[in-house]
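[1] 3D model of this:
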Amino acid sequence: MKRLLGALALSTALTAVPLLAEARPVTITTQMSAYGGGGAFVAFYLTDPQGKYAGTLWMAGQQSKYYKDLRGWRAASGGDLAQLDGITGASVGAGKTLKITVDVKDALLDAGYVLHVDAGAEDMRPSPNEITMPLSKAGSGKPVKGRSYIDTMTVSF
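    Now for the predicted structure:
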């Protein structure tokens, strides 16, 4: 009987683990404003319900010397460049659209996590927290207005 219960517990644990780790593709479409400068660096990162840094989703702009202008991201992440391996792309120009798709754990949706977007461009003022929005299904597909470099951003689940 103990073996049967042990086997049942193990099989239940193994089937439950994938459910906890499920993720879904999240598409972030960012329409840049006509800000009149060179390509913008844009950081997309999450904070948990207590406001602590939870991870970087994507970084547009690969020249790390400009990451100092992404002040909110740098302060939250500690400027840890090692975590950016594989999640960076080219900077995005004025008036252009940046569309990325990232996997986000289902457990983070509607759980108090906040998506932050910092932006900056060479020889222009940085815009920390250009956009902040709850990571919620209610906001899916609804455009959010940026403060400076970003005209609108839409997050779709």
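[2] Could I get the CA-only coordinates of the helix or strand encompassing residue 98 as CSV?
    Residue 98 belongs to strand 97-105 when assigned by DSSP states H and E. C-alpha atoms of strand 97-105 as CSV (Å, rounded to 0.1, in the frame of the first residue of the first chain):
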residue,chain,number,x,y,z
THR,A,97,7.4,49.8,-35.1
LEU,A,98,9.0,47.2,-32.9
LYS,A,99,7.1,43.9,-32.6
ILE,A,100,8.5,41.2,-30.3
THR,A,101,7.1,38.0,-28.9
VAL,A,102,8.3,36.6,-25.6
ASP,A,103,7.2,33.7,-23.4
VAL,A,104,5.7,34.7,-20.1
LYS,A,105,4.8,32.3,-17.4
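[3] How far off centre is the very next helix or strand once past it?
    Using DSSP H and E, the next helix or strand after strand 97-105 towards the C-terminus is strand 114-121. Relative to its parent chain, strand 114-121 has a centroid offset of 9 Å by Cα atoms, centre = their mean, to the nearest Å.
[4] Can you pull the poorly scored residue ranges out of the protein?
    1-21 (pLDDT under 70).
[5] what ranges do the strands span in it?
    23-32, 40-47, 53-60, 88-89, 97-105, 114-121, 127-134, 144-145, 150-156 (DSSP state E).
[6] got CSV for those, with mean neighbour count too?
    In short, each C-beta sits where N, CA and C put it, glycine included. Shown next, in CSV, are those (neighbours: other Cβ atoms under 10 Å):
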stretch, mean neighbour count
strand 23-32, 17
strand 40-47, 25
strand 53-60, 19
strand 88-89, 16
strand 97-105, 14
strand 114-121, 25
strand 127-134, 19
strand 144-145, 13
strand 150-156, 19
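[7] I'd like the ones you listed laid out as a markdown table, including distance to residue 70.
    Below are these laid out as a markdown table (distance: least, Cβ to Cβ, whole Å):
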| stretch | distance to residue 70 |
| --- | --- |
| strand 23-32 | 14 |
| strand 40-47 | 5 |
| strand 53-60 | 8 |
| strand 88-89 | 12 |
| strand 97-105 | 15 |
| strand 114-121 | 4 |
| strand 127-134 | 7 |
| strand 144-145 | 18 |
| strand 150-156 | 13 |
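[8] Mind checking those for the one nearest to residue 82?
    strand 53-60 (10.8 Å; Cβ to Cβ).
[9] what's residue 44 in contact with, if anything?
    For residue 44, the contacting residues are 28, 56, 57, 58, 59, 100, 102, 115, 116, 117, by Cβ atoms under 8 Å, 6 or more residues apart in numbering.
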